[in-house]
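A.B. asks: what's the 3D shape of this:
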Amino acid sequence: MYVCGVTTYGDCHIGHAMSYIVFDTIRRYLEYRRHDVKHVQNFTDIDDKVIANANLLGIPAQELAERLIDNFFADMDGLNIQRAHIYPKVTEEIPGMINIIERLIEKKHAYQSGGDVYFRVKSFPGYGKLSHRSMDEMVAGDQGQHLKNKEHPMDFALWKSAKPGEPEWDSPWGKGRPGWHIECTAMSLKYLGETLDIHGGGQDLVFPHHENEIAQSEAYTGIAPFAKFWMHNGLLQFEKDKMSKSIGNLITIKEALNKFGPDALRLFVLSSHYRSPLTYTEENVDAMSRGAQRLRQAAFSDTNATKSDNSVDGELFKTRFIEAMDDDFNTAQAIAVLFDLAKEINKGQKAQMQVNKAQEALLELAGVLGLTLKQNDIVSLDAVPFIELLIQLRDNLRKAKQWQLADEVRAGLASLGINLEDKSSSTAWKA
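C.D. replies: Got it, this is the predicted structure:
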């Protein structure tokens, strides 16, 4: 499984979180179903945006990239995303890219023009088969952005000649750096072979990036298909606009984690099919925070079932979960199964049924979706006085022997992720 990684020019936002949660969940499920998965995800640590932002900050591009890669891993760890097995970097794979470009030139699929090298799209009859576009449609959409030294408007750069003040590497065509598309071909061929099982990324990468990958990879190897399955996650929208740095509506992963925690963000992403667009609002994610708490309560609440030999059947829900995920990774339906199981656990507890096995099943299935069901350690300082006030109210109710009202206060706090612990002289709480 090869997943297109980040370009290291800025901190990751929740649009990135959406994509990597999706592919982390796909990998987790494949492994749950006993498939061996080798997961490769690249870092684009040199390109126009990296260079521009590094120059703006007055630091070398490599220093910026290393800093942002560290931030990336911190964000992914916070989202409970498993590490890929291999994280190749463009700057460490350039010799392999040069070798592929040389072979493409030999096979007449590429040509040198000045210090640049371009892929000759007319040499590859299948160009456009992923995005289902004709050559005429692609040329019409090019908006005159092609360079004069190309043979055809849609020819794309495999190697770019050096510009003053930019990082550069030696090549048979002079100093320069690789084009964007060639990096993923070189990395995937090196680490996963000539045909991938799964190639993933966002829908915005279908054209031109993945279309160009297919062309150069199949032209180089002579083997088709380059990837058996292309999987593209839908794009995240902010209200009605796509998240974009240019319009300033980005929310970083760090900000979202601090506000909502990982389980709420994962539930938010996985509550929709991976190919569907998703609209971010605080209300949407906050609703998922409450949903995560309902699952958490069902999974960890104590039971005193001693009067019944009956038990809640967790295996039935495992079967339903697998049926949902086998249907093109239908995580929305899989989440519905989790909530149905949580509901049955709660009903079973009230009937004093055995629910331990069902709770184990809930935790197992939640783990397949990457949910930890751990309490969120973050509580707003503004909320603390209100928490303390409710605890004092509960203590007063208990002293007045109004046990039902006291229990309702405790349950209400628990639904918000606040657990109480009664001690001999006081009541402690933790999130």
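A.B. asks: Might you list the low-confidence residue ranges for the stretch 1-150 of the chain?
C.D. replies: Screening the stretch 1-150 of the chain residue by residue with the criterion pLDDT under 70, one finds the ranges 140-148.
A.B. asks: just the strands in it please.
C.D. replies: Chain-ordered strands for the stretch 1-150 of the chain, with DSSP state E, counting those that start in this stretch as the definition, fall at 2-3, 40-41, 110-113, 116-119.
A.B. asks: For the second one, name the packing helices and strands.
C.D. replies: The helices and strands touching strand 40-41, judged by 3 or more Cβ pairs under 8 Å, 6 or more residues apart in numbering; DSSP states H and E, are strand 2-3, helix 180-192. To be clear about C-beta, it is placed using only N, CA and C from the backbone, and glycine gets the same treatment.
A.B. asks: hmm, who's touching that strand?
C.D. replies: Surrounding strand 40-41, the residues in contact under the criterion Cβ atoms under 8 Å, 6 or more residues apart in numbering are 1-5, 84-88, 187-188, 191-192.
A.B. asks: try the third one
C.D. replies: Residues external to strand 110-113 that are found in contact with it (Cβ under 8 Å, 6+ apart): 101, 104-105, 117-120, 149-151, 158, 173.
A.B. asks: which among the contacts of strand 40-41 gets closest to residue 313?
C.D. replies: Checking the contacts of strand 40-41 against residue 313 by Cβ to Cβ gives residue 1 as the nearest, at 33.5 Å.
A.B. asks: how deep is the nearest residue to that closest one once chain neighbours are set aside tucked in, by neighbour count?
C.D. replies: For residue 1, the nearest residue in space outside its immediate sequence neighbours is residue 198; the separation is 4.4 Å by Cβ to Cβ, 6 or more residues apart in numbering. Other residues lying near residue 198 total 19 when counted by other Cβ atoms under 10 Å.
A.B. asks: As JSON lines, the contacts of strand 110-113 with neighbour count and distance to residue 230 would be great.
C.D. replies: Rendered in JSON lines, the data for the contacts of strand 110-113 read as follows (neighbours: other Cβ atoms under 10 Å; distance: Cβ to Cβ, whole Å):
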{"residue": "101", "neighbour count": "27", "distance to residue 230": "24"}
{"residue": "104", "neighbour count": "24", "distance to residue 230": "22"}
{"residue": "105", "neighbour count": "19", "distance to residue 230": "27"}
{"residue": "117", "neighbour count": "27", "distance to residue 230": "26"}
{"residue": "118", "neighbour count": "23", "distance to residue 230": "24"}
{"residue": "119", "neighbour count": "27", "distance to residue 230": "19"}
{"residue": "120", "neighbour count": "22", "distance to residue 230": "23"}
{"residue": "149", "neighbour count": "13", "distance to residue 230": "31"}
{"residue": "150", "neighbour count": "18", "distance to residue 230": "27"}
{"residue": "151", "neighbour count": "13", "distance to residue 230": "28"}
{"residue": "158", "neighbour count": "28", "distance to residue 230": "22"}
{"residue": "173", "neighbour count": "20", "distance to residue 230": "31"}
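A.B. asks: Determine which two of the residues you listed are furthest apart.
C.D. replies: Using Cβ to Cβ, the contacts of strand 110-113 reach their maximum pairwise distance at 104 and 149, which is 17.4 Å.
A.B. asks: Could you check the pLDDT of residue 321?
C.D. replies: Listed pLDDT for residue 321 reads 98.
A.B. asks: Give the other helices and strands that the strand or helix carrying it contacts.
C.D. replies: Assigned by DSSP states H and E, residue 321 falls within helix 314-326. The elements that helix 314-326 packs onto, with contact taken as 3+ Cβ pairs under 8 Å, 6+ apart, are helix 331-350, helix 356-368.
A.B. asks: now the last one against helix 331-350, angle please.
C.D. replies: The one in question is helix 356-368. Angle between the axes of helix 356-368 and helix 331-350 is 160 degrees (criterion: axes from the mean of the first three to the mean of the last three Cα atoms, to 10 degrees).
A.B. asks: And residue 89, how far from residue 100?
C.D. replies: 17 Å (Cβ to Cβ, to the nearest Å).
A.B. asks: do residue 358 as well
C.D. replies: 53 Å.
A.B. asks: In the stretch 301-431 of the chain, where is pLDDT below threshold?
C.D. replies: Counting by pLDDT under 70, the stretch 301-431 of the chain contains low-confidence residues at 303-308, 375-382, 415, 417, 423-425, 430-431.
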